[in-house]
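[1] requesting a structural model of the entry that follows:
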Amino acid sequence: HAGVVDQHLNRAEPLARGVKGLGYLRGVGHVGGHSVQLLRVLRRQRLHHLETASEQRDAAALLAQRQRDGRANAARRGSRAGRIALILAAWLAFVLFLLLPLLMVLSEAFKLGFGTFFTALIEPDAISALKLTLLAVGIAVPLNLVFGVAAAWCVSKYEFTGKSLLVTLIDLPFSVSPVIAGLVYVLLFGAQGFFGEWLQDHDIQIIFALPGIVLATVFVTVPFVARELIPLMQEQGTQEEEAARLLGANGWQMFWHVTLPNIKWGLIYGVVLCAARAMGEFGAVSVVSGHIRGYTNTLPLHVEILYN
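    Residues are numbered from 1 along each chain as shown. Take a look at the predicted model:
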């Protein structure tokens, strides 16, 4: 009946202020202001009922929320043993697969004393392997730095034909064995390879020399810088570069003052990963180097020879 009361009240109140309202109010059952007062009382009662119902709904919702929170807390308390088990498993894997091998390497290195260790470091073959490794890293990392920044810029800032192919080619070294990559270089640039005869005619040696080692190192470390920068630059968007362009900045100014400060930490992380991977590369370099001690052996190859 509350809807009928509201309907009568909405029609009665304006009419009660005039003479014509008396006839309508008689139809309702009373005359004059008493009908309006009765309808107002009924409306107040209805509003009070609605407020009470709303409070009841709020109380029910609060009770349900507390019940859900209680069940969630109980679940968290119940999963405490599971969390502890996962943490212990992670620490166990860390100790077994990283810390323990590192401790074994250090213990074997210093087993005969510090003097023997440092004597092995200054051995001519070790010095030559160290120089070759640093030279290969010094060439491969800057090349991958330039390529990674350029590729990340193109992929994240522009739409062009072949974009998906470029991203796939960047990820290719992750899916190809380094040994297979080294074998491909041998088949291309070796003495019996596709370009072998032309290289011999022009007295150019790539395989079993520094160029082959650099090529193999560049190939296996291509993805690291680009893969660190592409998602970062895609997330940042192009708004800041567009604003700088509208303010009159040229390409280099836009890169040095806008883009580079935003990507510097991702760039540093990618360069560190690239350098570490280049220094530790074994498979591809092992195929193209020839294992010539004092000439084409890098540090990982020198360690393998000493171990054998």
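[2] retrieve the pLDDT associated with Tyr24.
    On the pLDDT scale, Tyr24 is placed at 42.
[3] how far away is Phe118 from Phe110?
    10 Å (Cβ to Cβ, to the nearest Å). All C-beta spots, glycine's among them, are computed from the backbone N, C-alpha and C.
[4] scratch that, Gly162
    Taking Cβ to Cβ, one finds Gly162 at 53 Å from Phe110.
[5] report the central residue of this structure.
    Pro231 (6.5 Å; Cα atoms, centre = their mean).
[6] and it, what is it in contact with?
    By Cβ atoms under 8 Å, 6 or more residues apart in numbering, Pro231 lies in contact with nothing.
[7] ok now whichever strand or helix holds it, how far from the chain's centre?
    Element membership of Pro231 [criterion: DSSP states H and E] is helix 210-236. Relative to its chain's centre, helix 210-236 lies at 15 Å (Cα atoms, centre = their mean, to the nearest Å).
[8] buried residues in that helix?
    210-230, 232-233, 236 (16 or more other Cβ atoms under 10 Å).
[9] ok, stretch 82-92 next?
    So stretch 82-92, judged by 16+ other Cβ under 10 Å, has zero buried residues.
[10] which outside residues touch it?
    Under Cβ under 8 Å, 6+ apart, the answer for stretch 82-92 is an empty list.
[11] any weak-confidence spans in the stretch 101-250 of the chain?
    Counting by pLDDT under 70, the stretch 101-250 of the chain shows no low-confidence range.
[12] show me where it has helices.
    Assigned by DSSP state H, counting those that start in this stretch, the helices in the stretch 101-250 of the chain fall at 114-121, 124-157, 163-175, 178-189, 196-201, 210-236, 239-246.
[13] tell me which of these lies nearest to Gln253.
    Closest to Gln253 of these is helix 239-246 (Cβ to Cβ; 7.2 Å).
[14] can I get that closest one in CSV? Just the C-alpha atoms.
    This file holds the C-alpha atoms of helix 239-246, laid out as CSV (Å, rounded to 0.1, in the frame of the first residue of the first chain):
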residue,chain,number,x,y,z
GLN,A,239,53.7,10.4,-25.2
GLU,A,240,56.9,11.9,-23.8
GLU,A,241,58.7,11.6,-27.2
GLU,A,242,55.8,13.2,-29.0
ALA,A,243,55.8,16.1,-26.5
ALA,A,244,59.5,16.6,-26.9
ARG,A,245,59.1,16.5,-30.7
LEU,A,246,56.4,19.2,-30.5
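[15] go ahead and confirm Arg227 touches Ile170.
    Yes: between Arg227 and Ile170 there is a contact under Cβ atoms under 8 Å: 6.8 Å.
[16] tell me, how many residues neighbour the nearest residue to Glu228 once chain neighbours are set aside?
    With sequence-adjacent residues excluded and distances taken as Cβ to Cβ, 6 or more residues apart in numbering, Glu228 is closest to Gly270, at 3.5 Å. Per other Cβ atoms under 10 Å, the neighbour tally for Gly270 reads 26.
[17] ok, now Leu103?
    The burial count for Leu103: 11, using other Cβ under 10 Å.
[18] one more: Leu112?
    By the measure other Cβ under 10 Å, the count of residues near Leu112 is 11.
[19] need phi/psi at it.
    phi -90, psi 10 (degrees, to the nearest 10).
[20] which residues does Gly162 contact?
    With Cβ under 8 Å, 6+ apart, Gly162 has no contacts at all.
[21] state the distance from it to Val155.
    From Gly162 across to Val155, the span is 11 Å (Cβ to Cβ).
[22] now Arg293, nearest residue through space, not along the chain?
    Asp125 (5.2 Å).
[23] got the buried residues for stretch 176-189?
    178, 181-186, 189.
[24] likewise for stretch 287-294?
    Those would be 287-289, for stretch 287-294 by 16+ other Cβ under 10 Å.
[25] from the chain's centroid, how far away is that stretch?
    Taking mean C-alpha positions (Cα atoms, centre = their mean), stretch 287-294 and its chain are 37 Å apart.
[26] list the contacts of it.
    Under Cβ under 8 Å, 6+ apart, the answer for stretch 287-294 is 124-125, 128, 179, 182-183, 185-186, 207-208, 212-213, 215-216, 296-298, 301-302, 305.
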